[in-house]
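In: need a structure here:
(one chain, ligands or ions: 1)
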Amino acid sequence: MPFSEIIGHERIVDLLKRTIRSGKIAHAYIFEGIPGCGRRKTALCMIQALYCTDTRDGDACGVCTSCRKVAAGNHGDVHLVSPLPDKRDISIDQLRELQRDLSLRPYEAPRKACILEPAERLNTSSSNSFLKTLEEPPGNALIILLTENSDILLPTIRSRCQLIRFAPLSSEHVQYLLEKNGQDSITASTAAQLSEGSMDKALALDSHSLAEQRAALGKQLSGVSLNRIASLFEASESLSGSRDETLENLDLLLSIIREHIYNATGCPFGSNNDHTTGLSAGVSLAQAIRLADALLETRRAVQRNANAKLALDTLLIKIAGIIPCPAA
Ligand SMILES: [Zn+2]
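Out: So this is what the prediction gives:
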């Protein structure tokens, strides 16, 4: 699992490789980003690159014994600390045990390393008990805190760590990773659209029900009479719900349109085009791009807490303007 396998965080990977080559590694890092965006994987890649017996240009070889142990999660010098199953927070006892482990001589690596996740589960007393370790980790150990929001951490913790911010993955990157995971391209495209940049979220989505939802939505919209305002408003009524439900419907529609755009541009996109019937059937590439723009604009408005029903009314009227009505 060398850095070359990290997708979508090229700037961070470059920075970490440069740091490793220079040997000027900080004691402690905060990797901030949503769960499933690649923080943990990048942390493990960093540890792998530090431990690898055959590093190349600041990156791990991925095949030496050390690399394989880190990737398999059974390297004796890597400690992963998370709240115990029945506990909310990372306890002081866990941190004491970690401090003890870090103060022992490494078994085989040049230094020990630990990943604390999620770091926002360090409460005030455990944070305070951890400060000294963060400042001067025993044996030059590397400490990486994973968090969704570093502002939640105590300022005394933040000031002792180098902060690295991870952006959510783009839906293209999520789709690529899902396909690499064996998902078919239509399912991967739909899940990617709904993932909000998180592989954890994308993998948790039920692919079967997603396909059904998409098909139902496509069918529902194919019955809309674009030249009848009552029909447009009925469709908008059925698409709107809570903010999250509305966003999910818009994401499903976007996945249908994106797929149509891929198909229209000759980009290979799976063999099953059943789901592109309905809304996007008979739509040209230029129209599909305008539809995608209108959907994205509506999505942004709903995200900013615009009234979902009004935003969808506007969207449906725009769609009617983009797609010409078949002659009666
Ligand atoms: Zn290696």
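In: can we go C-alpha only for contacts and neighbour counts from here?
Out: OK.
In: name the residues of stretch 256-264 that are buried.
Out: Within stretch 256-264, the residues scored as buried using 16 or more other C-alpha atoms under 10 Å are 256-261, 263.
In: could you dump the residues you listed into CSV with secondary structure and pLDDT added?
Out: Listed next are these as CSV, based on DSSP: H, G, I helix; E, B strand; the rest coil; pLDDT from 0 to 100:
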residue, secondary structure, pLDDT
256, helix, 83
257, helix, 85
258, helix, 80
259, helix, 78
260, helix, 81
261, helix, 82
263, helix, 76
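In: show me what contacts the residue positioned nearest the centre of the chain?
Out: Residue closest to the mean C-alpha point of the chain, counted by C-alpha atoms, centre = their mean, is residue 198 at 2.0 Å. Each residue near residue 198 by C-alpha atoms under 8 Å, 6 or more residues apart in numbering is listed here: 34-37, 168-169, 174.
In: and residue 239, what are its phi and psi?
Out: Main-chain torsions, residue 239, degrees, to the nearest 10: phi -80, psi -20.
In: distance check, it against residue 316.
Out: 10 Å (C-alpha to C-alpha, to the nearest Å).
In: again with residue 76
Out: To residue 316, residue 76 is 58 Å away according to C-alpha to C-alpha.
In: which one of those two is surrounded by more residues?
Out: Ranked by neighbour count (other C-alpha atoms under 10 Å), residue 76 and residue 316 place residue 316 first, with 23 against 15.
In: now do the contacts for that one.
Out: Contacts of residue 316 (C-alpha under 8 Å, 6+ apart): 232-233, 235-236.
In: which one of those residues is nearest to the ion?
Out: Closest approach to the ion among the contacts of residue 316 (C-alpha to the ion): residue 236, at 55.4 Å.
In: report the buried residues of the helix or strand of the chain with the lowest mean pLDDT.
Out: Ranked by mean pLDDT, DSSP states H and E, the weakest helix or strand in the chain is helix 207-222, scoring a mean of 80. If you call a residue buried by 16+ other C-alpha under 10 Å, then helix 207-222 has these buried ones: 207, 210-211, 214-215, 217-219, 221.
In: just list what it packs against, helices and strands only.
Out: Helices and strands touching helix 207-222, by 3 or more C-alpha pairs under 8 Å, 6 or more residues apart in numbering; DSSP states H and E, are helix 185-194, helix 243-264.
In: with distance to residue 128 as new columns, can those helices be given to me in CSV?
Out: Output for the helices and strands packed on helix 207-222, formatted as CSV (distance: least, C-alpha to C-alpha, whole Å):
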stretch, distance to residue 128
helix 185-194, 39
helix 243-264, 38
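In: which one of the ones you listed lies closest to the ion?
Out: That would be helix 185-194 among the helices and strands packed on helix 207-222, by C-alpha to the ion, at 31.5 Å.
In: all strands of the stretch 101-250 of the chain, in order?
Out: With DSSP state E, counting those that start in this stretch as the criterion, the stretch 101-250 of the chain has strands at 113-116, 142-147, 162-165.
In: pLDDT below threshold where in the stretch 151-300 of the chain?
Out: 266-281 (pLDDT under 70).
In: and with 90 instead?
Out: 171, 181, 183-191, 193-196, 201, 204-245, 247-249, 251-288 (pLDDT under 90).
In: what residues does the stretch 1-150 of the chain put near the ion?
Out: 52, 60-62, 64, 67 (C-alpha under 5 Å from the ion).
In: now a PyMOL select for only the buried ones of those residues.
Out: Buried residues within these, by 16+ other C-alpha under 10 Å, are selected in PyMOL with:
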select buried, resi 52+60+61+62+67
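In: is it possible to get a markdown table of the residues of the stretch 1-150 of the chain next to the ion that adds distance to residue 2, pLDDT and secondary structure?
Out: Below are those laid out as a markdown table (distance: C-alpha to C-alpha, whole Å; pLDDT from 0 to 100; DSSP: H, G, I helix; E, B strand; the rest coil):
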| residue | distance to residue 2 | pLDDT | secondary structure |
| --- | --- | --- | --- |
| 52 | 10 | 94 | coil |
| 60 | 5 | 93 | coil |
| 61 | 7 | 93 | coil |
| 62 | 6 | 92 | coil |
| 64 | 11 | 95 | coil |
| 67 | 8 | 94 | helix |
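In: re the thing from before, any idea how far the residue nearest to the centre of the chain is from residue 324?
Out: 37 Å.
In: burial measure for the closest residue to the ion within the stretch 101-250 of the chain, as a count.
Out: As assessed by C-alpha to the ion, the ion sits closest to residue 109 within the stretch 101-250 of the chain, at 11.5 Å. By other C-alpha under 10 Å, the residues close to residue 109 number 19.
In: not counting its neighbours along the chain, what's nearest it?
Out: Distance criterion C-alpha to C-alpha, 6 or more residues apart in numbering; nearest residue to residue 109, sequence neighbours excluded, is residue 51 at 5.6 Å.
In: domains in this structure, by residue range?
Out: Domain assignment for the chain by automatic domain parsing gives 3-165, 206-322.
In: keeping just the C-alphas, turn the strand or helix carrying residue 321 into CSV.
Out: Here residue 321 sits within helix 308-322, counting by DSSP states H and E. Extracted C-alpha coordinates of helix 308-322, given in CSV (Å, rounded to 0.1, in the frame of the first residue of the first chain):
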residue,chain,number,x,y,z
ALA,A,308,-37.0,22.2,-1.2
LYS,A,309,-40.4,22.3,-2.9
LEU,A,310,-39.8,25.8,-4.4
ALA,A,311,-36.3,24.8,-5.5
LEU,A,312,-37.7,21.7,-7.2
ASP,A,313,-40.6,23.7,-8.8
THR,A,314,-38.0,26.0,-10.4
LEU,A,315,-35.9,23.0,-11.4
LEU,A,316,-38.8,21.2,-13.1
ILE,A,317,-39.7,24.4,-15.0
LYS,A,318,-36.1,24.7,-16.1
ILE,A,319,-36.1,21.0,-17.2
ALA,A,320,-39.2,21.7,-19.3
GLY,A,321,-37.4,24.6,-21.0
ILE,A,322,-34.3,22.4,-21.7
